[in-house]
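# A predicted structure for the sequence below; I have some questions about it.
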Amino acid sequence: MDFKSLFRQKPIQSVLHDPEGSPHGSMNRTLTVRDLTFMGVAAVIGAGIFSTIGGAAFKGGPGVSLLFLITAVTCGFTAMCYAEFAARVPVSGSAYTYSYVTFGEMVAWIIGWALILEYAIGNIVVAISWSAYFNNILQAIGIQLPQWLTIGYQSAAMDYREALETGKAVEDLAYTLAPDFMGFKFIINLPAFVIVILVTWLVLIGIKESKRIANGMVLLKIAILVLVAMIGFWYIFSEGTTSNWTPFLPNGMNGVLAGVSGVFFAYIGFDAISTTAEECKDPQRDLPLGMIYSLILCTVIYVVTTLVITGMVNYSEFENVTDPLAYVFEKINMKAVGFIVSVSAVVAATSVLLVFQLGQPRIWMSMSRDGLLPKRFSNIHPRYRTPSFATFITGLLVGIPVLVIDDGLVTDLTSIGTLFAFVLVCGGVLILPRRPKEPGKFNMPYVNGKFIVPILVVLAMVGFRERLGTAFSNLGHENYQEILFLLFILLAVCIAVMSFLRNYSLIPVLGMLCCAYLMIEIPAKSWMVFFGWMGVGLLIYFFYGMRHSKLN
């Protein structure tokens, strides 16, 4: 095996000319800046604003609004790097394609494989969450589905075992009530499966139809959130509950920062916009604008919503609250508004499903075009002009697990895959040669990090001095989390030295370091599963992808 072949790079010009001249056919260019912005909002304003925002508020108090600003800045650095790549390489594939032209084939494969994990697990979790909200709405209008049709088999079995171990009653549990089928309990999460199939069908029939539905859902979500904000602020000032905003930082900045990694999950998804490059009317202008506009709009929505819920109800009441928006209105006896919020949560989850189901097939398609996956994955439907086979496989990859999988699936795997892609996209920008400004194209501003980056790294090490001492003293004790922290410090020092020597641009360096830090905060056990997934992916690459690559 030729070691150099693992890092063979795809020339940008061949990437630009391949899609339109491909024997697989081209896709319809219908997306505008507005469509892309709405698609970003559809992906970002989802489960985060209807669930995780409550836990973050409990830890940080009203000051959690600062948390969303901090996370948005981190994502903003990454969005600028995505925008730079999108302006240079306006084709489908997202971080996979960007890595192919900068780091080479094997790194591109790893990124593509990580993105497949991100989109698949992300949508499995969202589909299960959608099912829970949908069942609540059905119950509110008097419709009661059997328990064994609304929960995954693993979850039902775990609940049953836990009840037996703790001596609780099992008569009313889904596992007990479920019918037997050939010696097995028939337990499936039917609503989750149905919504995945419906969304997959919508994605299959065309980008135009998908964007219309996504735009409609986004407008509905924004309208409901504006209504929530108006009613919330009216209640806060008319009832005099502004005292709930004091103290603004009840647990200090440590309390705010305690939920940084969790709140980052809320922003995962804006990168899915870049997978639709070949369906944009003017990708080199529209993609960067769509990413940046959606990020700004989502941040404003998150900050306003956080101030509303922490003003209406004291932050200390949000412990273990999974539906904070509905909770605050039920707390003040506005149950009708709470019901509307629950409906909005279903719409929000549906829009996230739509964007993620739209993004994943385009990753499969891009990898197939390069020969790393079988040709069928790049087939374009003759009528719908969408990657039909890849869309079908995506539906199965998400739809089958949601029938039986545990509701408590570790979502950290989604974040690892996303952050890994973000780090490499930011790093890839550092490798790209500078180019002159061109009218109508995005050009990331250059700020020389020669002195700024080393100073920031030194300040960070001073701030982390206690953790550094603990990490060094625990070496050899199988404390994997601290090993990850030491690796991050090593990376930061290396980047600081390279920035001083090569005058690296500040924005991509900050994006890479911020995302790398968030990665090490994810539990080590999730890293083990991630490495397992990567191992399977590398086996497929070495036994199939490397030999069938078009660059071979």
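Thanks, I have it. Just so it is clear, the model here is predicted, and its values are computed rather than measured.

# need the contact list for residue 301.
41, 45, 49, 222, 225 (CB atoms under 8 Å, 6 or more residues apart in numbering). Bear in mind the C-beta positions are built from the backbone N, C-alpha and C, glycine included.

# try residue 442
Residues counted as contacts of residue 442 (CB under 8 Å, 6+ apart) are 83-84, 86-87, 284-285, 287-289.

# now do 10 Å
Residue 442 makes contact with 80, 82-88, 284-289, 291-292 under the criterion CB atoms under 10 Å, 6 or more residues apart in numbering.

# And for residue 187?
Applying CB under 10 Å, 6+ apart to residue 187 gives the contacts 146-157, 160, 174-175, 177-179, 181, 403-404.

# And for residue 206?
27-28, 30, 212, 279, 381, 383-386 are the contacts of residue 206 under CB under 10 Å, 6+ apart.

# same thing with residue 503?
Contact analysis of residue 503 by CB under 10 Å, 6+ apart lists 446, 448-451.

# Try it again at 7 Å.
Residues near residue 503 by CB atoms under 7 Å, 6 or more residues apart in numbering: 448, 450.

# Which members of the contacts of residue 206 are positioned in helices?
Those of the contacts of residue 206 mapping onto helices are residue 212, per DSSP state H.

# min pLDDT across the contacts of residue 206, which one?
Lowest pLDDT among those: residue 27, with 61.

# related to what we said a few turns ago, PyMOL command for the buried members of the contacts of residue 206?
The following PyMOL line selects those of these that are buried, judged by 16 or more other CB atoms under 10 Å:
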select buried, resi 27+30+279+381+384+385+386
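
# Which one of the contacts of residue 206 is nearest to residue 235?
Distance to residue 235 across the contacts of residue 206 (CB to CB) is lowest for residue 212, with 35.0 Å.

# still on that earlier bit, so which of the contacts of residue 442 are in helices?
80, 82-88, 284-289, 291-292.

# what about burial for those, which qualify?
80, 82-88, 284-289, 291-292.

# which of those lies closest to residue 129?
Using CB to CB, those come closest to residue 129 at residue 291, 24.8 Å.

# In space, what's closest to the closest one - neighbours in sequence excluded?
Excluding the flanking residues, the one nearest residue 291 by CB to CB, 6 or more residues apart in numbering is residue 79, at 4.7 Å.

# Follow the chain on from the helix or strand containing residue 416 and name the next helix or strand.
Using DSSP states H and E, residue 416 sits within helix 412-431. Note on helix 412-431: by DSSP H and E, the next helix or strand toward the C-terminus is helix 452-463.

# what does the next helix-or-strand element following that next one contact?
Once the chain leaves helix 452-463, the next helix or strand it forms, by DSSP H and E, is helix 465-473. If you take CB under 7 Å, 6+ apart as the criterion, helix 465-473 is touched by 461, 482, 485-486, 489.

# farthest-separated two in those residues?
Longest span within those, CB to CB: 461 and 482, 14.9 Å.

# neighbour-wise, which of those two wins?
residue 482 (20 against 15; other CB atoms under 10 Å).

# Skipping adjacent residues, who's closest to the more buried one in space?
Using CB to CB, 6+ apart, the nearest residue to residue 482 is residue 471, at 3.9 Å.

# In terms of pLDDT, where does the one you found sit?
We have a pLDDT of 77 for residue 471.

# for the one 5 residues further on, same thing?
In the prediction, the pLDDT value recorded for residue 476 is 61.

# ok, now the one 4 residues further on?
With respect to pLDDT, residue 480 has a value of 73.

# related to what we said a few turns ago, mark which of the contacts of residue 187 are buried, thanks.
For the contacts of residue 187, a burial check counting by 16+ other CB under 10 Å picks out 147-157, 160, 174-175, 178, 403-404.

# Tell me which of these fall in helices.
Those of the buried ones among the contacts of residue 187 lying in helices (DSSP H): 153-157, 160, 174-175, 403-404.

# residues contacting residue 287?
Residue 287 neighbours (CB under 7 Å, 6+ apart): 36, 83, 86, 90, 273-274, 277, 280.

# switch to 6 Å and redo it
Residues near residue 287 by CB atoms under 6 Å, 6 or more residues apart in numbering: residue 86.

# Redo the contacts of residue 301 as TSV? Include secondary structure, pLDDT and neighbour count.
Formatted as TSV, these follow (DSSP: H, G, I helix; E, B strand; the rest coil; pLDDT from 0 to 100; neighbours: other CB atoms under 10 Å):
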residue	secondary structure	pLDDT	neighbour count
41	helix	83	29
45	coil	78	28
49	helix	69	26
222	helix	85	16
225	helix	85	21
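
# Can you lay out the residues you listed as TSV showing distance to residue 394?
Below are these laid out as TSV (distance: CB to CB, whole Å):
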residue	distance to residue 394
41	22
45	22
49	25
222	27
225	29
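
# now, which of the residues you listed sits nearest residue 168?
residue 49 (33.7 Å).

# What residue, apart from its backbone neighbours, is nearest residue 188 spatially?
In space, residue 188 is closest to residue 403, 4.4 Å off (CB to CB, 6+ apart).

# and the gap between the one you found and residue 353?
In this view, residue 403 and residue 353 are 15 Å apart by CB to CB, to the nearest Å.

# Also residue 130?
7 Å.

# what does residue 79 give?
Look at residue 79 and residue 353: by CB to CB, they are 22 Å apart.

# What of residue 541?
29 Å.

# Counting neighbours, go ahead and name the busier of the two.
Each of residue 541 and residue 353 has its neighbours counted (other CB under 10 Å); residue 353 has more, 28 against 23.

# quick one on the thing from earlier: out of the contacts of residue 442, which comes closest to residue 7?
Among these, residue 85 lies closest to residue 7 (CB to CB), at 18.4 Å.

# okay, the closest one: pLDDT?
We have a pLDDT of 79 for residue 85.

# what residues are up against it?
Contacts of residue 85 by CB under 6 Å, 6+ apart are residue 98.

# wouldn't residue 41 be in contact with residue 294 here?
Yes: judged on CB atoms under 6 Å, residue 41 makes contact with residue 294 at a distance of 5.2 Å.

# neighbours around residue 419, how many?
Neighbour tally, residue 419, other CB under 10 Å: 26.

# Show me the helices in the stretch 151-300 of the chain, by range?
153-166, 174-177, 190-205, 207-238, 252-257, 260-267, 283-312 (DSSP state H, counting those that start in this stretch).

# need the ones you listed in JSON lines with distance to residue 101, can you?
Formatted as JSON lines, these follow (distance: least, CB to CB, whole Å):
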{"stretch": "helix 153-166", "distance to residue 101": "41"}
{"stretch": "helix 174-177", "distance to residue 101": "50"}
{"stretch": "helix 190-205", "distance to residue 101": "27"}
{"stretch": "helix 207-238", "distance to residue 101": "24"}
{"stretch": "helix 252-257", "distance to residue 101": "36"}
{"stretch": "helix 260-267", "distance to residue 101": "25"}
{"stretch": "helix 283-312", "distance to residue 101": "15"}
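
# least reliable of those helices going by mean pLDDT?
Lowest mean pLDDT of those: helix 260-267, a mean of 65.

# which residues touch the residue nearest to residue 291?
The neighbourhood of residue 79, defined by CB under 6 Å, 6+ apart, consists of 291-292, 295.

# what do you get if the cut-off is 10 Å, keeping everything else the same?
40, 72, 86, 267, 270-271, 273-274, 288, 290-296, 422, 425, 511.

# Please report the number of neighbouring residues for the nearest residue to residue 105 once chain neighbours are set aside.
Among residues not flanking residue 105 along the chain, residue 8 sits closest, at 5.2 Å (CB to CB, 6+ apart). Neighbour count of residue 8, defined by other CB under 10 Å: 16.

# Contact partners for residue 8?
Contacts for residue 8 (CB under 10 Å, 6+ apart) come out as 2, 100, 104-106, 108, 546, 549, 551-552.

# In contact with residue 499: list those residues for me.
Contacts of residue 499 (CB under 10 Å, 6+ apart): 430, 448-454, 456-457, 505-506, 509.
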